[in-house]
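Asker: coords below, sequence missing:
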């Protein structure tokens, strides 16, 4: 008798409290929440949509020029690019200057470090307030592991200087992403520990002085984050000989140490930054678009 | 048969409940009886509160808010506090008014325990007095912290009517005692009384006063009295006590060049840790704590609150105090932390830190201010104290004596500006804002033209609201909230 | 004894059951409605799309600018639902001939109208309150009826502001709003248009229908030399070089307006000069203050003109030429798109 009661009680307790743990329905493991919610029907595709699709197949990267709520984070504000700028920008900057040569010359780096999404922003990236005009705006989006973006697409121009500056800045922003992803390393931070300029110091330092102090230019002397990114930027921007020459002129051990660290770090990831410079130089300056 | 069983059952039930009654009515007390002085000494050491008021820094003009680099979980707690709102999330349990309120009362409880138990304890009478005196001083210190956080500033005209905090001067004997708020005057009277008694007991037990920077000494008690009198606006008194501190310790301030050397030659972590190391720096009273990050909203890169841009821009790079502003992130973010304790860029839980309660710098700054506000102001003396600090804030090559201000007002400007810069990030600015009636604007977006909230001089919100948790524990407080 | 125990146990079980059941009682949050109506969003989206297509001349959104109290800025949106292109026309500048795209997407609970690429709509969002109260390029669709489409900005501005901006009730473009058509008729860059107009002092009679007041101004339009025009472009917050987030407008052109209020008893001869922008068949009196300029005077004078006219734009309705005489008619609208102000120009020749 007692046993029956016990069993009965146990059943009642267990059964009574059995409930659906997912009030909104069971989780469907097959749903890919990162997939596009609504794919634009092919019937509505324009030239850029076809281009983006072929680039997705060729490079595995989703190029985003049309904005939906999924694209923009709540506290970051940037404007979608104009279609007539986004089209030639994608064709020239993203395909011919960035992805195609990257895949051909640095296959390992390309395969592992290329973000899976790239966002085109018409203007620059504003933080906290979309209408602000008084402060600096970010050149690109770089804080997410899988997503890179560049601003200034509405200013797209085939002017060589613009193209050079833009592609070099792209590698600067990508370096921020690498920094977020892997960390620039404790030893890197130690090199110039305590010597960063902060604000407003960084803005008033001449390039030669900054190099004597161990930074490529004032901007890199702001804080370790920018120091790391400007190392990549300078190696992309200047030939190897010039880099070595500047280091020699500066007589800065810190500059040389950090240069070697960053160069080695990229080498380990499959990219010789000096070869990157040669490659960029050939695609930007040796070809007419 | 049935009846009998029924009766037995009823009797049993009644018996059960009645025996509960007595048990429930008797106050529950499982505390260890403290009866020897070594135990009581340990309780006193434990009754030192941490700097639970450190969070007030974000309510001042020392910091600005920047959303893009704030860890999302900090927003619900610290944004309302930054906007001087009464309600904030208690999801973060340290570095909030809720924590401060309960923490200081817990320490008052411990001080009260010592004050009560010492009477029956056996041991050396002089040592008893030393312990009792220290407990009284500690109780005064905790009440001073509470009344300055949760009440309007000391103002003799209104002290009798302004709400203070509940005064608990004995160990509660009931299960749950309820307390009304005393007036500001009553709280200050208690503080003054405890201090006077405590000081005389400590003098009697002088031989037993511990020689450690983590326990009150006569110098730090005098520094405490300097602060109390400065906050009260009793300039001559403040001067008197400040002079006593200086007489005992000499004008011995932090050599910041040494900090700076450590900053550039060792790790940032080590530098930060050593800033409050008592064997290196002449601090008057420190508290050490090992499990709470009291600078949470402004002490690490993702805290969300950073050095105000005007300070950031106006402090020259040659000033070592600028070196305590640790810039990071990207240039666009342009955010900087103030590193004074173990707070470091990437450490959201820098718990092992020493915090300062009293420093020679604060005493000198208070003395300089008192010298300017007393009936016959003395600009020379005031500037001498300022220069005593400034001399150690620059390299010898960079140090320049400030021009002597022509008027008392100008000198006061200099003194208050130095005070703000010297003590930034140390949790003292809020009280200056209260007592000096400084107007502050806070913006959620630092570039906004219009502020999102403004704290007017002597604003009612300078009395932080009694936290909800405290009201739940003591419902009487619901009818005694700070007026808004 | 046994009986008693049984009863006890029964009670006990009954009690337990009650507790067990009560303990599990809770508000069941379900999405049954949504599950049972899987097509709901698609239906509303479809309705919305049909409605957008139903007005071939487009829909009008009246937005508020900080420049005027009662006069609202009209935006005419022409949607091509086959190619997802949208044509945007408003008073601040001439619409560029580039493609702008929109999309109707299923949001949470309601469909969303998104201006997905750069257009005048994202420019207005970027510029802020001086041009409009638009706070996003994404809108939730609030209601759909044959004559009114209500949409609401998804975000309401900068960080920490609540979700949901201003609700706009869009109406079909009135038939007589031909100014919003593609052809530019008000064109100070055209010699034909300038004939007998450029640098000729005429008068402008302004009738404010809201306040039922009337005033007459001495009024002169003056074309600008190219270098002045170019330098103004570099200050213009709408120009891409100045404010790179924007797009959708063709390169701006400007002209001078000189005016003073005619008062019979005062012999005023001082003409106050300002430099408005040539809008899409409109005069746009837009001070460049938000971005700063080295000519504060220009801004002050633009503000003065706007205040005097009691509107920050004049939409060009028509022009009548009789011999040397030129007459022009202008309008400005209120929140509902009704005429709030009329202005009549006469070159007095």
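Answerer: Alright, I've got the coordinates. All of these numbers come straight from a predicted model, not from anything done at the bench.
Asker: my read: residue C:95 touches residue C:280, true?
Answerer: Yes. Taking contacts as CB atoms under 8 Å, residue C:95 lies within contact range of residue C:280: 5.7 Å. (Glycine included, C-beta is placed from N, CA and C.)
Asker: Who has more neighbours out of the two?
Answerer: residue C:280 (25 against 21; other CB atoms under 10 Å in any protein chain shown).
Asker: wait, isn't the more buried one in contact with residue C:91?
Answerer: Yes. The pair residue C:280 and residue C:91 qualifies as a contact (CB under 8 Å) at a distance of 6.5 Å.
Asker: ok, back up a step: please enumerate the shared neighbours of residue C:95 and residue C:280.
Answerer: residue C:89 (CB atoms under 8 Å, 6 or more residues apart in numbering or on different chains).
Asker: moving C-terminal of the one helix or strand residue C:330 maps to, what's the next helix or strand?
Answerer: Element membership of residue C:330 [criterion: DSSP states H and E] is strand C:325-333. Heading C-terminal from strand C:325-333, the first helix or strand you meet, by DSSP H and E, is strand C:339-346.
Asker: what's around the closest residue in space to residue A:84 that isn't next to it in sequence, how many residues?
Answerer: Spatial nearest neighbour of residue A:84, chain neighbours left out: residue C:98 (4.2 Å); criterion: CB to CB, 6 or more residues apart in numbering or on different chains. When neighbours are defined as other CB under 10 Å, residue C:98 has 16 of them.
Asker: Spell out the residue ranges of the strands in the stretch 51-200 of chain B.
Answerer: B:63-65, B:163-166, B:181-183 (DSSP state E, counting those that start in this stretch).
Asker: what's the domain layout of chain A?
Answerer: If you go by automatic domain parsing, the domain ranges for chain A are A:46-156, A:183-289.
Asker: and the ones you listed, which is most packed in?
Answerer: Burial of these is given as mean neighbour count (mean count of other CB atoms under 10 Å in any protein chain shown); domain A:46-156 ranks first at a mean of 20.
Asker: To residue C:257, which of the domains of chain A lies closest?
Answerer: Minimum separation from residue C:257 across the domains of chain A (CB to CB) falls at domain A:46-156, 26.2 Å.
Asker: and that closest one, average pLDDT?
Answerer: Summarised as a single mean, pLDDT over domain A:46-156 is 88.
Asker: what does the stretch 101-250 of chain A have sitting close to chain B?
Answerer: Proximity of the stretch 101-250 of chain A to chain B, by CB under 8 Å from any CB of the partner chain, involves residues A:125, A:127-129, A:132, A:134-138, A:176, A:189-190, A:193-202, A:219, A:222-226.
Asker: Please point out which parts of the strand holding residue C:330 sit buried.
Answerer: C:326, C:328, C:330, C:331, C:332, C:333 (16 or more other CB atoms under 10 Å in any protein chain shown).
Asker: With adjacent residues omitted, what lies nearest to the second one?
Answerer: In space, not counting the residues next to it along the chain, residue C:328 is nearest to residue C:345; the distance is 4.1 Å by CB to CB, 6+ apart.
Asker: Would you mind measuring from that neighbour to chain A?
Answerer: 34 Å (CB to the nearest CB, to the nearest Å).
Asker: neighbours around that residue, how many?
Answerer: If we define neighbours as other CB under 10 Å, then residue C:345 has 22 of them.
Asker: again with residue B:401
Answerer: Neighbour number of residue B:401 under other CB under 10 Å is 10.
Asker: Within the helices and strands, which one has residue C:150?
Answerer: Assigned by DSSP H and E, residue C:150 belongs to strand C:148-153.
Asker: in the stretch 201-350 of chain B, which spans are strands?
Answerer: Going by DSSP E, counting those that start in this stretch, the stretch 201-350 of chain B shows strands at B:283-289, B:305-307, B:325-328, B:335-338.
Asker: end to end, how far does stretch A:216-233 reach?
Answerer: Distance across stretch A:216-233, first residue to last, is 9 Å (CA to CA, to the nearest Å).
Asker: Pairing partners for residue C:208 in the sheet, please.
Answerer: residue C:213, residue C:341 (DSSP bridges).
Asker: how far does stretch B:232-251 sit from the chain's center?
Answerer: 20 Å (CA atoms, centre = their mean, to the nearest Å).
Asker: Can you pull out the residues in contact with that stretch?
Answerer: B:154, B:188, B:218-219, B:222-223, B:225-226, B:229-230, B:282, B:284, B:360, B:363-364, B:366-367, B:369-371, B:373-374, B:385, B:388, B:435.
Asker: Identify the residues contacting the residue nearest to residue A:84.
Answerer: Going by CB under 8 Å, 6+ apart, residue C:98 touches A:82, A:83, A:84, C:247, C:248.
Asker: would it count as being in a helix?
Answerer: No. If the criterion is DSSP: H, G, I helix; E, B strand; the rest coil, then residue C:98 is coil and not within a helix.
Asker: what's the helix ranked longest in chain B packed up against?
Answerer: Ranked by number of residues, the top helix in chain B under DSSP state H is helix B:125-150. The contact analysis (3 or more CB pairs under 8 Å, 6 or more residues apart in numbering or on different chains; DSSP states H and E) places helix B:125-150 against helix B:37-46, helix B:97-117, strand B:163-166, helix B:184-204, helix B:218-232.
Asker: Can I get these in CSV including mean neighbour count and mean pLDDT?
Answerer: CSV is the format used below for the helices and strands packed on helix B:125-150 (neighbours: other CB atoms under 10 Å in any protein chain shown; pLDDT from 0 to 100):
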stretch, mean neighbour count, mean pLDDT
helix B:37-46, 17, 93
helix B:97-117, 21, 96
strand B:163-166, 24, 97
helix B:184-204, 19, 97
helix B:218-232, 22, 97
